[in-house]
Each structure stands twice: as C-alpha cells, then as structure tokens.
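[1] No sequence on hand, only this structure:
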C-alpha cells in the first residue's frame, strides 16, 4: 500500500461531461494489503461513476463490516457513506432508499457480511427489489479476523492454513437469482475489462443489481490450492454470454469474441448488447441462468459476466407506489392531516 | 345473603373462549356504558393463541373515574366451560354469576353468598339462528342483551350502538338486534329483580374519548410526519403499525397522483426493522419502528450504532411479560433497564413514559422532535395494557401552527456560508449536539462517512484515545441537554410534612392515583410524582431527597425503576420501598395499598420480616 497519493493532476487530464476529473471520484488512501483484489474493484467503481458522469454527491455508499466494507472510504470522497454494523447494510440501505428515491445507492459487502451474518438481510433486500447496486467483494475468507473460511469458500478448497473446507459453498449469484434479483453478474477483480462495463450496466439497471466479484485475499487465501486465488480463478474462468454496455451512445467494448448480438435496453435508456455464444442459452431466462451456473460448477469452471437480466424490473418504490417527491423532502403541508381531521376522529369514537 | 347493590361503581367480568367473537360483543358493552356517560375501563385478558383457549374481558365501571384494575369481580358472565369453577369462585360475596344454563351447573357449585342467574344462551340462540357461525357469534350478543336488562341499561342504548357500528352494513345489524332482544326479554321474564347492580346515565365522562394507546401512538407518528416505518409483527405492538397504515392510507395519499406519502415495510426481522428506521433517519426522513421486548433485544446492536453515530429514530416499545418469550399476551413494565442502556458499551437512550392514550399520541409526536433535535434514538415506553386496551382520556388535539423541529441539519446553502471547516461531530453550540448534513445536499461540501467505529470531530476513523474520550464525553454533554428537553415529572403534594412519597410511571398511574386516594382517606397522605421521561431531571432527585420514604410503584419483579433511580440519582440505601406487581395483569389499587400498609407496618414493627412487604395479592 502507498501512504501518500500525489494531489497534483495534469491540467489536461480527462474530464467527464460534468467537467469533473477522475479525482472527484476518488476517496482516501486504501489501508488494505498490497495486492488486495478489493483495491482493483475500488478502481473500477471510481472509473464507472466517473465515466458515466454521475454527480458524486448524488451517490450514497453503504457497507457492513469487514475488509470489503472498509472500501467505501477509498472511493467517492464527495459522497455520503454509511459504514453500518455487520451484515446489516441491506436494511440501512432500504431505509435510506425509502427516504430519498432520487439518489444512487451503492452497497458494498463481503462474503462473510453477506453469506453468513447478513444472509437474511441479503435475501430480503433482493426480494424487495430495492433500487441499488449490491457489490460483494468475495474472497472466500474472513480477512479482518485473519483468514477463517467463509461460507462462499468452495468445499475442498485449501486456504493458506492448509485445511480443506468441509462444507458446501454458498453461491450468492444463484441465490440472488432465486430470490428475485433482475440483474445478477459475477466478475473477477483481476479482469477490469469485464468488471467495468458490468458495473456500469448495474448502475443503469433499475431495481436490485447484484454483482459478485471474486477478489482474492492476498494475505490469507491466495494459495494455489485455493479456488479463490488469482491463479486458480484465471485458469478456471469461463465467461458466459459476453456483452457491451452502451450508455449515452458511447460504446464500451469488452475484449471477448462474439457471434450474434442481442440488444437489451435498460431503464435509463442505455443498452446492453449481449453477444450470445453458440453453446449458451440466453441469460434473460431464469431457468437457463441457474442451469448455466450449475453446469459450469460441474466442470470446475467459474462462470462470469452478466448471469441473469430482466430489464423491465419493478423496484420497491413502484410496488409501494411511493410518491414522486423524496419522502425526506415532504413538509408539514403534505404530512400532517391537521386538527380538523383529529377532531372528526375524536367524534367518530363517541 | 347481602346482595351487592351499587350504581355506576362495579366490575363486570366476562369469561369466554377465544376466537368465538366474544371480544367485539364485550367491547360493545363497554362502549354502551361509555356512551351513557359513565367512566369505563375494559381490559382484555387474552391467550397467545387464535382459537379455543380461555380469555377474559374485565370491565370496570366507576363514576368517580377510577380506571385502573380494581381486583375482584362483582358480576361474572361465565360462557367458558373450561374455567367455570374458577370463575364461579372468583365472584365477590354478594355478587352475581350468570351462566349458560343449557347445561346444568356441575355438582359442588353451591355457594350461598352469590346470586346465580341462569340463562340458556345456547338453547335460545339455536332456536333462533340456524347458521353455525351465526350461532357462535349471536350467543355473545344474547348475553349482552340480558345484562342490558339486568343492569337497568335498557334495550335502546345497546341497539343504538349496534346500529351505529353497522351503519354501513345495516343487514348485519338485524340479527344482532334480534339477539339483543332475545336476551333482554328472557332476563326480563325470568330474572326480573335478580340484580342489584345498575348503570345510570351520567355526565362524568364529559368530552373524554375511549381509545387504545396503540392507535394513539400511530396517530402521533402520523401527525408528526413519520414517513418511513420498518417493522416486524410482534404482539402487543403490531396494532401500532396496522393503525398507522390504516390512517396513512387515508390521510397520506397524494391527491393528484394517488401515490403514497409514506413507506411501511414489513421487514424480515426486528434487526432489519430498526435498520430501516436508522437508514431513513440518517437520510432525512422521519422514521420509526414499533416492537416489544424480544424485538428490543434484537435491536440493541443497532440502537448502539444510532446512539454512537447520532442518528434520529423513534422506537415504540409496547412492553409485555418477559424474560424471553415470557407471557406474550400479558402486560409488564419490565424493559426499563434493557431500553435505558440498550446496547453494549456506554450507551444510554432517551425514554418517554406515556400513561394514557392521549400521552401515547402526544409523546410519540414529541419523540420525533426530540429524536431530530438530539440526533439519537427515542424510545416510547408503552405496554400491553396501555397499548391494546381501550382507555378513557382527554380528546386528542393538534396545534396547526406547530412546526416540526428537524434539528441541526445544514442545507447546501448553509454549507456554503460556513467559513471554517465543517465537521460532523464538532460541538459548535456547546450543547453536545452537532450539525449534520444529508446526502445530496451539496456537490462538494458536507460529505462524510458515518461509522460505528470511533471517530473524530470530522467523522474520520480514529483509534486515538483522546479523540475517543472527547466524543464519549461530548455525548454526555448531549445527555445533559436531553435532560432539559424531555417532559417534566408530574408532582402532586398530598403530604405537606414531606414524610411519605410515591413515585410511578406509565400505565401504573390509574391504579396508583386510586390507591393514593384510598390511603389518604384512611389517614395516610402520600405525595406523588409521575416520572415521564429518562434522563431524570433534578426535580426527581429533589423529590426523593425531600421525602423520608419513597414508594416506587411499578410492574416488574426486580423494581427496575428503583434500580435506575438508585444508579442515576445516588439515593441513600433504604430510602426507596419497592411496590410491585409482575403477574402479567395490570396492577390494582388494592395491591398498592396492601403493599404500602405492609411496608409501613414493618417500619413501625421491625420484627415483621421485610419479606412480607413484597408479598403479592395475585388476583
């Protein structure tokens, strides 16, 4: 890790549509271990928001507890952040989102925070289809308490400590699909080319956009015998239908070869162009999405990319029929029925 | 036998099977008494069950306006075979026992000190109605008709109430009125002078209303502008949120779009329920949750987060009997300590103690102002008796000039005007309360990360001891500010010599006032103080200091208020005397007077063991 980041930026450095340079999207210096996968994800998040020209102060960052949950301090320094309690980010995000539907909500969590202590809240925030981006930085271990196995560690996988994992792992993407998420993707912190457009598409999606990013723990879980190590993931990655994300007519291409293309328009007008592989099913079908994940597992492959997508999603506010003005901005005028109503109420009891 | 002969001053108790529709019939009776202008206080004693277990409905009628539980029953309507014996035995000497004589009383029911009134309820009902469900429901209405005769109410006030109740569905009123007539006529024909109890129209009720505390709390939240509620179903708090949603679906709909000016979210558990409240409070909405003891246990971690990160949120705790699942449908005031210091570390929370539905309304509304002003959780400490039973109280009113106090929240413009560097936890005004900002307020200023880890004045993470101590000490300055903002205690000086004092709070008030009146009548004047909030004010310390002996009356085993007072007020040992009831039913005036007498006797005659002072009457 570096302790100092130069404050100087070249005057001609690239600016986005809002006139901000990338610096406006950066945060404090990371205190994670050198080489931590999380830092690469942080970098992709910064780039995604910068390139999409989203006003930083219109973004809310939320997290739970753990290495991953520390990262919101390292990006979007001009956004409000909420580092809540372990496993409870989803409920805080729900409340925050209820208060003001006009902001962008980015939740960052880890595999311990989501797949163990926060499993209930994760399942239910997905089920509510809260309009947010939910990123899990998934390293298969508890880094901050020195490397215990997490619930996403694959059975038989060996961490630095050497003992194989005894239990079945939890596949958060499969779970998210089953719980009703309409945008589910899996990335790898070592593959920014894929992660960046995936994050952008997640930001554009209305409703729950769940992105599981495999992010090796260089200190405790990067042994070659671990299925969450850089080397293992690189050797076993299999991209599902590849895609391009096209926000505001600006095409960002991924590196993958592709055959036939299917454009999928998102809520905000941007388009995901899916490049269907000959041997793969369409990812807009829930049943096929689950089957693809299971088939990849049999082959010891990690399926990455956008795994499932239903673009015409109804988020919680649609279901609740929440009023257009953010609830936090309503005043006595809209909220208080007044004494006359109360007197009529008294009378109705008599 | 000397019959009890009384007007507008007695207790009627209904013994039913739950799930049989009895509660609404019995409530009809209470409502009729109320509409005749006679002060009335119904209490539903129900099981944690949907159908088939014993349930009682106790109605106290008191022209003098004593509306706590009195203890004992003068007239019992026994419609539950399972509890027939107990109900029979419970009738006060000289009292009345009405039973369904379709089946004879078993042998051994041979008291000669009560009047037994036999009415073949099932027979009468089956002769008139053929539908099974109707038979079950109308049996209840038949006995209401009978007591309308026996208590000299007359048929008209009851049938008027039925007509009013079914104003929108007059077809449903018809069988009810028929059932009333059947019961009334049977009693008139067969028991023409059986009962010495009677109800006469009175002016004692005045303009007071009859309503449950949970509806009051829900209206308080609605009027105070609560827009977000996260909740999880738990007896006895569920009806707070149900009432809020009922009112909101009427008064919180945007007239142009038909959309909702609120969001009520039934969460996956109580942790999420308060997490939703905290997230919304942090982001500028007024938010609350309603729960009971087990929920408080689950919410404790989050309460500590809100205390330490300074986020407003309102919790309505409708207390029930603990520990653990305890008696989920019985009342208690046993979450005091759990709420006052909820969460690990040095956490303290503001508590409010409403004593009737009007205070449930007012204190819940005030709780939102306090939470916003103090940037901290505020817990409204109701209980099952107060929350779920109807109580007589002054009518609700709202000052239309009132403006919500949203506390120290900086807008984008205000942030631009600040010359020095803004810090989320800088105590500019020296009252311990700092200025907060909301997400989205300003493109470049005012952003910070809220964290449950220790933080300095600029919200940055720190493990520095000095910064940590500064923040913890500042929270105590804020606590002192809270002491000045929360509602003052209500003091009633009866003993000018300042010898004896009594202290109570919440729903204990009704029985306490009656007990103190009785004691004064018997030559023992005791001054009283009703505590209305925590932190305690100097007036509370002074009251205790000024009196030789202070009875602390409350509804839990451990005298939690006494413990809280002893710890917070540095009270000398032996000064406070515990008066408690924790049997799950509301405390009665008799319990209080008995325990006070016993304690005073023990003071005069020290050879009587102190133990006897805490022996309880359990009826």
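    Received the coordinates, thanks. On a predicted model such as this, the values are computed, not experimentally measured, just so you know. Numbering: from 1, shown residues only, chains lettered A, B, ... in the order given.

[2] Spit out the contact partners of the closest residue in space to residue A:56 that isn't next to it in sequence.
    In space, and not counting its chain neighbours, residue A:56 is closest to residue A:78: 3.9 Å by CB to CB, 6 or more residues apart in numbering or on different chains. (Glycine included, C-beta is placed from N, CA and C.) The contact partners of residue A:78, by CB atoms under 8 Å, 6 or more residues apart in numbering or on different chains, come to A:24-25, A:56-57, B:443-444, B:447.

[3] where exactly do the strands run in the stretch 251-350 of chain A?
    Here the stretch 251-350 of chain A has its strands, by DSSP state E, counting those that start in this stretch, at A:260-265, A:271-276, A:302-309.

[4] any idea how chain B splits into domains?
    B:6-198, B:211-393, B:409-485, B:490-614 (automatic domain parsing).

[5] Relative to residue A:44, which of these is closest?
    Taking CB to CB, domain B:409-485 is the member of those nearest to residue A:44, at 20.1 Å.

[6] Could you pull up the mean pLDDT of that closest one?
    For domain B:409-485, mean pLDDT rounds to 97.

[7] got it, and stretch A:35-45?
    The average pLDDT within stretch A:35-45 is 95.

[8] Next: stretch B:139-151.
    Mean predicted confidence for stretch B:139-151 is 97.

[9] just how off-centre is it within its chain?
    29 Å (CA atoms, centre = their mean, to the nearest Å).

[10] what kind of secondary structure is residue 95 in?
    Unless you meant another one, I'm taking chain A. Here residue A:95 is recorded as helix under DSSP: H, G, I helix; E, B strand; the rest coil.

[11] was after chain B, sorry
    strand.

[12] thinking again about what came up before, just send the domains of chain B back as JSON lines, with distance to residue A:36 and mean neighbour count too.
    Output for the domains of chain B, formatted as JSON lines (distance: least, CB to CB, whole Å; neighbours: other CB atoms under 10 Å in any protein chain shown):
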{"stretch": "domain B:6-198", "distance to residue A:36": "51", "mean neighbour count": "19"}
{"stretch": "domain B:211-393", "distance to residue A:36": "26", "mean neighbour count": "24"}
{"stretch": "domain B:409-485", "distance to residue A:36": "18", "mean neighbour count": "16"}
{"stretch": "domain B:490-614", "distance to residue A:36": "45", "mean neighbour count": "19"}
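
[13] Tell me which of the ones you listed sits nearest to chain A.
    Nearest to chain A among the domains of chain B is domain B:211-393 (2.6 Å), distances taken as CB to the nearest CB.

[14] Now do the same contact list for residue A:121.
    Contacts for residue A:121 were tallied using CB under 8 Å, 6+ apart; they are A:87-91, B:268, B:271-272, B:275.

[15] What pLDDT is listed against residue A:266?
    On the pLDDT scale, residue A:266 is placed at 71.

[16] Over to residue A:270?
    74.

[17] Look at it and say how many residues are nearby.
    Under the neighbour criterion other CB atoms under 10 Å in any protein chain shown, residue A:270 is assigned a count of 20.

[18] hang on, the earlier thing: for the domains of chain B, give me TSV that also has distance to residue A:100.
    Putting these into TSV (distance: least, CB to CB, whole Å) gives the following:
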stretch	distance to residue A:100
domain B:6-198	39
domain B:211-393	5
domain B:409-485	7
domain B:490-614	31
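
[19] Good, we can wrap up now.
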